[in-house]
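> okay, predicted coordinates and the sequence, questions at the end:
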2 protein chains.
Amino acid sequence: MAGNRPKKSADPVTQPALADFKVGVDNVIFSVDTAQNRLLALLVMRQEEPFLGQWCLPGTLVRQGESLEDAAYRILAEKIRVKNLYLEQLYTFGEPGRDPRESPDSYGVRYLSVSYFALVRFEDAELIANGVSGIAWYPLEQAPQLAFDHNQILKYGYQRLRNKLEYSPVAFEVLPDVFTLNDLYQLYTTVLGENFSDYSNFRSRLLKLGFLHDTGIKVSRGAGRPASLYRFDANAFTPFKDKPLVFI
Amino acid sequence: MAGNRPKKSADPVTQPALADFKVGVDNVIFSVDTAQNRLLALLVMRQEEPFLGQWCLPGTLVRQGESLEDAAYRILAEKIRVKNLYLEQLYTFGEPGRDPRESPDSYGVRYLSVSYFALVRFEDAELIANGVSGIAWYPLEQAPQLAFDHNQILKYGYQRLRNKLEYSPVAFEVLPDVFTLNDLYQLYTTVLGENFSDYSNFRSRLLKLGFLHDTGIKVSRGAGRPASLYRFDANAFTPFKDKPLVFI
């Protein structure tokens, strides 16, 4: 074996250099203010460069020994108090150059973002402003220019929210325990826009699914006739949990 | 300002150390052998440590300047020739310890996997065996113990495939241009299992959707009556593209 060249660990010709990454998690947290019919996204103001003073999604970089999910829950625990927060993974953004910290003088370290998604009940969520320079439930349609590619991540999260309303009973997690069909319609309209369905089609579709239990109680709101209060019947839904189903 | 301590860039108490990552992409590529009613997954045999000689998903580590998607397409171009390969992102796996290369003597570098998914037409796909020690279309139910957490990734990909059959017209991308309703039923059964629906419900459901165009041509297969050949009518489907819809 004498005469062999010593093996290089990274031959620039046959083994292109691998990228080194820091990994961030960014959370798209939605809520619906049902009293005002507003779809809200949780934003925080950046307190350091890059993008100092700009709004962004609440996120952090993953620490040694920490899982992606743990990092996502850690940063949220600093920003918001809420019951039953359940994060699901949304998408991973890793284009070269998506973070200005990927400068040549950073030795080529790249910044990847794994995004997470949750929908929380507005009344149960309490923002924590300790030590932050800004935190807000921003109406989605008034969201400003965000740091990094966070507008793109937010848009992706909004698409996921729409899909979840269409294909899952997520609406009942943010409504009060009892609600009128009009409350439910308003929630869908707030997220999906005015034209997703007219009220009478929506009403008959939802009642036909068989998951809404009429409590027998009626409420009067405004000038209209008293409206029935319904409850989501989780037991009736159970057999359909893993079946393909459309809610609207 | 005299007397202030110089700022440290990473104070071990207030600033826990960030994890350093290499990022891999792993591809879950499914195909359906409609002649044999087998659901197949593309596997390759590892040619280096760790897990030398074990089967795994075709993947690679992301290089400097390379996007995640480009890395995923790059490794597939070395393994398979296929028309219209379209990868979609599946999920990101990043638990500490998911890769044995995360040993203490690797300076704590972690290995994250961003997985991608595709369903390809069996007849159009040609495996490339150049310079690999093994490559195979493995029947999913006979998949062996895979390297890393790839069984988990494969399982996640299978769930995505089921969802896509239920909620999208992906089946028509892998069937021939014209097919009988029984061909279509066999495809669904191959992926979803025997009990997802009986044939007559499936038949009436699919015809009711209005996307199947009867070509007027009939074929005889086996002992049964001649069966009509259908074509997927992409134009009829277009208005429903962004609407919530269930195919079965």
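In hand now; what should we look at?

> name the residues of chain A found near chain B, please.
Residues of chain A lying close to chain B by C-beta under 8 Å from any C-beta of the partner chain are A:16-23, A:61-68, A:89, A:91-92, A:94-96, A:108, A:112, A:114, A:163, A:166-167, A:244-248. The way it works is simple: take the backbone N, C-alpha and C, and place the C-beta from them, glycine included.

> what do you get if the cut-off is 6 Å, keeping everything else the same?
A:16-19, A:21-23, A:61-65, A:67-68, A:92, A:94-96, A:108, A:114, A:166, A:244, A:246 (C-beta under 6 Å from any C-beta of the partner chain).

> which strands and helices lie in contact with the longest helix along chain A?
Ranked by residue count, the top helix of chain A under DSSP state H comes out as helix A:150-167. Counting contacts by 3 or more C-beta pairs under 6 Å, 6 or more residues apart in numbering or on different chains; DSSP states H and E, helix A:150-167 packs against strand A:21-33, strand A:88-93, strand A:110-121.

> what about the helices in chain A?
A:68-77, A:150-167, A:171-174, A:181-192, A:199-209, A:234-237.

> tell me which of those helices approaches B:Val44 most closely.
Closest to B:Val44 of these, according to C-beta to C-beta: helix A:68-77, at 26.1 Å.

> would you mind splitting chain A into its domains for me?
By the assignment in automatic domain parsing, chain A contains the domains A:20-167, A:175-240.

> endpoints of the shortest one, how far apart?
In this case it means domain A:175-240. One end of domain A:175-240 to the other measures 21 Å (C-alpha to C-alpha, to the nearest Å).

> compute the number of surrounding residues for the residue nearest to A:Arg203 when sequence neighbours are not counted.
Nearest in space to A:Arg203, with sequence neighbours left out and distances taken as C-beta to C-beta, 6 or more residues apart in numbering or on different chains, is A:Leu181 at 5.3 Å. A count of nearby residues for A:Leu181, using other C-beta atoms under 10 Å in any protein chain shown, gives 18.

> how near is A:Leu181 to A:Phe202?
To A:Phe202, A:Leu181 is 8 Å away according to C-beta to C-beta, to the nearest Å.

> repeat for A:Val246
Relative to A:Phe202, and taking C-beta to C-beta, A:Val246 is found at 12 Å.

> and the two? Which one has more around it.
A:Phe202 (19 against 13).

> surely that one is in contact with A:Tyr185?
Yes. Between A:Phe202 and A:Tyr185 there is a contact under C-beta atoms under 6 Å: 5.4 Å.

> need the overlap of contacts for A:Leu181 and A:Phe202.
When contacts are counted by C-beta atoms under 6 Å, 6 or more residues apart in numbering or on different chains, A:Leu181 and A:Phe202 have no shared neighbour.

> for the closest residue to A:Arg101 other than its chain neighbours, give the beta-bridge partners.
Excluding the flanking residues, the one nearest A:Arg101 by C-beta to C-beta, 6+ apart is A:Tyr111, at 5.9 Å. Note on A:Tyr111: beta-bridge partners by DSSP bridges are A:Lys22.

> from memory A:Tyr111 sits against A:Pro100, does it?
No. Using C-beta under 6 Å, A:Tyr111 is not in contact with A:Pro100; the gap is 9.1 Å.

> which one of those two has more residues nearby?
Counted by other C-beta under 10 Å, A:Tyr111 and A:Pro100 do not tie: A:Tyr111 has more neighbours, with 20 against 13.

> which outside residues touch stretch A:183-192?
By C-beta under 6 Å, 6+ apart, stretch A:183-192 touches A:Val32, A:Asn37, A:Leu39, A:Leu165, A:Ala171, A:Tyr199, A:Phe202.

> tell me the gap between it and the middle of its chain.
Centroid separation between stretch A:183-192 and its chain, computed with C-alpha atoms, centre = their mean, to the nearest Å, is 17 Å.

> now do stretch A:227-246
The answer for stretch A:227-246 is 23 Å, by C-alpha atoms, centre = their mean.

> tell me the buried residues in that stretch?
For stretch A:227-246, burial by neighbour count (16 or more other C-beta atoms under 10 Å in any protein chain shown) applies to A:Ala227, A:Leu229, A:Tyr230, A:Arg231, A:Phe232, A:Phe237, A:Pro244, A:Leu245.

> so which of the residues you listed would you say is closest to chain B?
Chain B lies nearest to A:Pro244 out of these, by C-beta to the nearest C-beta, at 3.7 Å.

> mind listing what that closest one touches?
A:Pro244 touches B:Glu166, B:Val246, counting by C-beta under 6 Å, 6+ apart.

> and the gap between it and B:Pro244?
From A:Pro244 to B:Pro244 the distance is 10 Å (C-beta to C-beta).

> so, low pLDDT: which residues of chain A?
A:1-14, A:104-107 (pLDDT under 70).

> mind putting the contacts of stretch A:183-192 in TSV, distance to B:Arg221 included?
Below are these laid out as TSV (distance: C-beta to C-beta, whole Å):
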residue	distance to B:Arg221
A:Val32	53
A:Asn37	56
A:Leu39	53
A:Leu165	43
A:Ala171	46
A:Tyr199	49
A:Phe202	44
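
> what's the farthest-apart pair in those residues?
A:Leu39 and A:Tyr199 (18.9 Å).

> of the two, which one has the most company?
Higher neighbour count among A:Leu39 and A:Tyr199: A:Leu39, with 21 against 12, using other C-beta under 10 Å.

> hang on, that one packs against A:Glu141?
No. Using C-beta under 6 Å, A:Leu39 is not in contact with A:Glu141; the gap is 7.7 Å.

> report how many residues lie close to A:Glu126.
Count around A:Glu126 with other C-beta under 10 Å applied: 8.

> ok, it to B:Arg63 distance?
Distance of A:Glu126 to B:Arg63, given as C-beta to C-beta: 45 Å.

> just name the most buried of the domains of chain A.
Among these, ranked by average contacts under mean count of other C-beta atoms under 10 Å in any protein chain shown, first place goes to domain A:20-167 (a mean of 18).
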